[in-house]
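Peer 1: Let's see this in three dimensions:
(chains A and B)
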There are 2 protein chains.
Amino acid sequence: MKSFNEITEIVSAEIAKLNWSMQPQGLYEPIAYTLSMGGKRLRPALTLMACNLYSENLEPAIAPALGIEVFHNFTLLHDDIMDRADIRRGRPTVHKRWDDNTAILSGDVMQIAAYQLIAQTPLEYLKPVLDLFSATAREICEGQQLDVDFEAIDEVKPDDYLEMIRLKTAVLLACSLKTGALIGGANIVDANELYEFGLNMGLAFQLKDDLLDVYGDEVTFGKKIGGDILCNKKTYLLIHALQLAKGADFEDLSNCLKKSYQQPEEKIKRVTEMYNKLKVKNICEDKMMFYFDKAVANLDKLKVETAKKHELRNLAEKLLSRID
Amino acid sequence: MKSFNEITEIVSAEIAKLNWSMQPQGLYEPIAYTLSMGGKRLRPALTLMACNLYSENLEPAIAPALGIEVFHNFTLLHDDIMDRADIRRGRPTVHKRWDDNTAILSGDVMQIAAYQLIAQTPLEYLKPVLDLFSATAREICEGQQLDVDFEAIDEVKPDDYLEMIRLKTAVLLACSLKTGALIGGANIVDANELYEFGLNMGLAFQLKDDLLDVYGDEVTFGKKIGGDILCNKKTYLLIHALQLAKGADFEDLSNCLKKSYQQPEEKIKRVTEMYNKLKVKNICEDKMMFYFDKAVANLDKLKVETAKKHELRNLAEKLLSRID
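Peer 2: Purely as a prediction, here's the structure:
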């Protein structure tokens, strides 16, 4: 059984082996660039870890694991166009470094390349893995659409927000785990339990991201603190703050969102103070722990030696205690 | 054995049955809109016709045939963003009727939906059909990239242009036919011969399109005549005209391309006159017939009763004699 670190080393080595140096260069160079930007490689690691619960042979799960990572990076690429995001992981995004058309078309090819990797799943598992991947890919697009739709809505309910992040973030972690489990030869009950574990971990993970945007460490978080606040992003924190703020507090918060600030730091400071006053950090942390506990319960139910579950359990803890 | 008309009726009925009325509406409505715009439905018809050469049971080929059509319409949707095309088949394009972000994301979902239809291929043929589809999809993106690249190049060679249209247009017709043949149970030699038939027909078909833009009938062509001329599109006609024009003719033609005209009709008229003078229409028609003859030779080689080949032969003739 491999440790998380051993697994991510395998993943990094395999991603580096993918060949994008074909013609036309204008199409493939942005893909190599995108995949060289790094990231946690969490999804392919989850696929291999889930496979490793049931099999010592990770080889058959490698290509589909990479397919999921390529797909994830494709969604980031297209999302960055839609969000007009200029920087990701400290470097210019593809549509910024090249242009929108390049980002659209290179993204389209990445989606196809992802399917080509998924298609390398051993034939006996190909159909269920492929169907799960497609269903998940569609849900992610639905989540992105809901995210866009929410920008135009005055009041987003906490449960609607959770459904959005379930689709946009959690289902791909769930899919990563179930894919690995299936290829490792897990029984269907365990495979579905790992799917649920991924969903709960994904929800907790995104709530942690919401927290990090306000309370994180700028250097290690890799993006500017307060980015969500500056663009009035309806995070779990803001949604609850808008619900809880009454009277003068509500006026204050609403004005913060409407007003254009000379100094962005001023807006971040004022909104954060309101979050502190309304204790929405606690609400978000409690919900995060609620999903973490559910995830742990999912792990407990797996018909696998307890010792083997430690790596996934530790990873979940590490992701939720991260400061970056 | 079904006629082409019977086949297209099946295709239309099956496309109408696809359900896009799910949530979020903002994501799926543009897909329903795109697929309701019509078009020749040539690609799914080719899949079913190829299947029908080897089997009376078309049912297993229907979902993959629709997958190819959905994919084709996805490429049109994303190409229209990149080309800033406002009108297709007489109606506003998706990015015009909605916006760029909607067109990007709905297109992404269409690509996934196409794979979901391809995934319904009977399991015994799934792997080769899926691999062919992905390889073809990538080639189409490569063709689109070359098309974009050619805009920035002064001199495009005729052979480079043919390679571009092979990728952008011909390979999908070839893939449509081979997919149907495989599912119909064809031997691999016949399936590959039908692939070549599709390539040759696709090349001839695109050359016909180049001709129709200049010499077609505006009402039935469904788009404005001279569109390629107005945007200096490097078609087979223009590439040859630029090679053949010498001295004053070359100056005239170059000026036509550089100058901005008050009356677009004036530019179309002058470029068309130059095409006529340089007889590039004949060159294009000869090349078209060269590929048509090759396509007919491909059909001749199929190990199928001659009578069964008539529908494909007639279709090829009809496509190349069309005035729209």
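
Peer 1: Residue ranges in chain A under the pLDDT threshold?
Peer 2: A:218-223, A:323-324 (pLDDT under 70).

Peer 1: A:Ile283 touches A:Ala241, doesn't it?
Peer 2: No - judged on C-beta atoms under 8 Å, A:Ile283 makes no contact with A:Ala241 at a distance of 9.2 Å. (Glycine included, C-beta is placed from N, CA and C.)

Peer 1: Give me the neighbour count for A:Ala32.
Peer 2: By the measure other C-beta atoms under 10 Å in any protein chain shown, the count of residues near A:Ala32 is 14.

Peer 1: Would you mind listing what in chain A touches chain B?
Peer 2: Selection of chain A residues close to chain B by C-beta under 8 Å from any C-beta of the partner chain yields A:23-24, A:26-27, A:78, A:81-82, A:100-101, A:104-105, A:107-109, A:111-113, A:115-116, A:119, A:123, A:126-127, A:130-131, A:134-135, A:137-138, A:141-142, A:144-146, A:148-149.

Peer 1: Recalculate using a threshold of 6 Å.
Peer 2: Residues of chain A lying close to chain B (C-beta under 6 Å from any C-beta of the partner chain) are A:24, A:26-27, A:78, A:82, A:101, A:104-105, A:108-109, A:111-112, A:115-116, A:119, A:130, A:134, A:137-138, A:141, A:145-146, A:149.

Peer 1: Please report how far the residue lying closest to A:Leu278 once chain neighbours are set aside lies from A:Val280.
Peer 2: Leaving aside its sequence neighbours, A:Leu278 sits nearest to A:Leu244 (C-beta to C-beta, 6 or more residues apart in numbering or on different chains; 4.7 Å). Distance, A:Leu244 to A:Val280, using C-beta to C-beta, to the nearest Å: 7 Å.

Peer 1: Compare neighbour counts for those two and give me the winner.
Peer 2: Between A:Leu244 and A:Val280, counted using other C-beta under 10 Å, the more crowded position is A:Val280 (25 against 17).

Peer 1: who's in contact with the more buried one?
Peer 2: With contact taken as C-beta atoms under 6 Å, 6 or more residues apart in numbering or on different chains, A:Val280 is in contact with A:Leu237, A:His240, A:Ala241.

Peer 1: run the last query once more with 8 Å
Peer 2: By C-beta atoms under 8 Å, 6 or more residues apart in numbering or on different chains, A:Val280 lies in contact with A:Tyr236, A:Leu237, A:His240, A:Ala241, A:Leu244.

Peer 1: Which of those fall within helices?
Peer 2: The subset of the contacts of A:Val280 located in helices under the criterion DSSP state H comprises A:Tyr236, A:Leu237, A:His240, A:Ala241, A:Leu244.

Peer 1: ok so, going back, top of the contacts of A:Val280 by number of neighbours, please.
Peer 2: Counting neighbours by other C-beta under 10 Å, A:Leu237 leads the contacts of A:Val280 with 26 neighbours.

Peer 1: now that residue: how far from A:Phe290?
Peer 2: Separation of A:Leu237 from A:Phe290 (C-beta to C-beta): 16 Å.

Peer 1: For the closest residue in space to A:Glu29 that isn't next to it in sequence, what are phi and psi?
Peer 2: In this structure, A:Glu29 finds its nearest non-sequential neighbour in A:Trp20, 7.3 Å apart by C-beta to C-beta, 6+ apart. Backbone torsions of A:Trp20, given as degrees, to the nearest 10, read phi -120, psi 20.

Peer 1: In contact with A:Trp20, which residues?
Peer 2: Per C-beta under 8 Å, 6+ apart, neighbours of A:Trp20: A:Tyr28, A:Glu29, A:Ile31, A:Ala32, A:Leu35.

Peer 1: now for the helix or strand that A:Asp149 is a member of, which elements pack on it?
Peer 2: Using DSSP states H and E, A:Asp149 sits within helix A:123-151. Contact analysis of helix A:123-151 by 3 or more C-beta pairs under 8 Å, 6 or more residues apart in numbering or on different chains; DSSP states H and E lists helix A:59-82, helix A:100-118, helix A:158-165, helix A:171-184, helix B:25-35, helix B:100-118, helix B:123-151 as its packing neighbours.

Peer 1: Given whichever helix or strand comes after the first one, what are its sheet partners and their directions?
Peer 2: Okay, so that is helix A:59-82. For helix A:59-82, the succeeding helix or strand toward the C-terminus, using DSSP H and E, is strand A:87-88. Here strand A:87-88 is paired, per DSSP bridges, with strand A:91-92 (antiparallel).

Peer 1: Outside of the helix or strand following the partner strand itself, list whatever touches it.
Peer 2: Per DSSP H and E, the first helix or strand lying C-terminal to strand A:91-92 is helix A:94-97. Contact with helix A:94-97 is made by A:30, A:33-34, A:77, A:80-81, A:86-87, A:91, A:102-103, A:106-107, as judged by C-beta under 8 Å, 6+ apart.

Peer 1: Same check on stretch A:234-241?
Peer 2: A:150-151, A:156-158, A:161-162, A:207, A:210-211, A:213-214, A:228-229, A:232, A:253, A:271, A:274-275, A:278, A:280-281, A:283-284, A:287.

Peer 1: Kindly report the same for stretch A:60-71.
Peer 2: Residues contacting stretch A:60-71 (C-beta under 8 Å, 6+ apart): A:10-11, A:14-15, A:18, A:35, A:41, A:43-45, A:47-48, A:51, A:110-111, A:113-118, A:120-122, A:129, A:133, A:137, A:172, A:175-176, A:179-180, A:183-184.

Peer 1: let's see 6 Å
Peer 2: A:14, A:43-44, A:47-48, A:51, A:110, A:113-114, A:117-118, A:120-122, A:176, A:179-180, A:183.

Peer 1: can you check stretch A:252-271 too?
Peer 2: Residues outside stretch A:252-271 that contact it (C-beta under 6 Å, 6+ apart): A:Gly226, A:Ile229, A:Leu230, A:Asn232, A:Ala245, A:Met274.

Peer 1: before we move on, back to that, surely the residue nearest to A:Leu278 and A:Lys279 touch.
Peer 2: No - A:Leu244 is beyond contact range of A:Lys279, at 8.2 Å (criterion: C-beta atoms under 6 Å).

Peer 1: Now do whichever residue of the stretch 201-324 of chain A sits closest to chain B against A:Thr102, distance only.
Peer 2: Per C-beta to the nearest C-beta, A:Cys231 is where the stretch 201-324 of chain A lies closest to chain B, at 15.2 Å. From A:Cys231 over to A:Thr102 the distance is 25 Å, taken as C-beta to C-beta.

Peer 1: Show me which of those two is the more surrounded one.
Peer 2: The neighbour comparison of A:Cys231 against A:Thr102 (other C-beta under 10 Å) goes to A:Thr102, with 20 against 12.

Peer 1: what's the more buried one in contact with, if anything?
Peer 2: Taking C-beta under 6 Å, 6+ apart as the contact definition, A:Thr102 lies against A:Pro30.

Peer 1: give me that answer again for 10 Å
Peer 2: With contact set as C-beta atoms under 10 Å, 6 or more residues apart in numbering or on different chains, A:Thr102 has these partners: A:Gly26, A:Leu27, A:Glu29, A:Pro30, A:Ile81, A:Val94, A:His95, B:Met82, B:Gln145, B:Val148.
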